[in-house]
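>>> Here is a sequence with its predicted model. Questions after.
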Amino acid sequence: ERIENDPWVEMIQGLSVDITEGTLKQICKELFQDTNESQISTQMTRRLSTCLIQAGWKRDGKYSSGPQRNQGRFVRSAEDIANATEDAHEDYDF
């Protein structure tokens with residue numbers, strides 16, 4: 001009840017259902033497409049991390065290889081994906 005609603009949470013919930021995992025930088029670039037990687041500050045990543053958790057995402061360790069090596073991995077819960085899919089279908093009259 002005491003947590004303020006952050007507008008980023010709604011933006012996260014509006015992400016495409018195709019995005020099921022990623023690093024903070026990847027998700028930040030998806031949300032704010034005009035943002036360069038050099039513009040992503042520690043403050044932004046901390047806020048985004050909190051908002052992802054509030055939106056139902058889970059922190060799932062770190063990537064162990066590839067370009068994301070040692071970066072935190074966030075995954076979208078199956079329930080969140082199902083809800084997003086249902087919301088997308090509400091826009092259509094079947």
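Thanks, I have the structure now.

>>> what about stretch 50-58, average pLDDT?
In this model, stretch 50-58 has a mean pLDDT of 94.

>>> And the contacts of it?
3, 6, 8-9, 12-13, 24, 27, 59, 74-77, 79-80 (Cβ atoms under 8 Å, 6 or more residues apart in numbering). Using the backbone N, CA and C atoms, a C-beta is placed for each residue, glycine as well.

>>> which of those are buried?
With burial judged by 16 or more other Cβ atoms under 10 Å, the buried subset of the contacts of stretch 50-58 is 8, 9, 12, 13, 24, 27, 74, 76, 80.

>>> Rebuild these as TSV, extending it with pLDDT, secondary structure and distance to residue 52.
TSV is the format used below for the buried ones among the contacts of stretch 50-58 (pLDDT from 0 to 100; DSSP: H, G, I helix; E, B strand; the rest coil; distance: Cβ to Cβ, whole Å):
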residue	pLDDT	secondary structure	distance to residue 52
8	94	helix	9
9	93	helix	9
12	94	helix	6
13	91	helix	10
24	95	helix	8
27	95	helix	7
74	96	strand	5
76	92	strand	9
80	68	helix	10
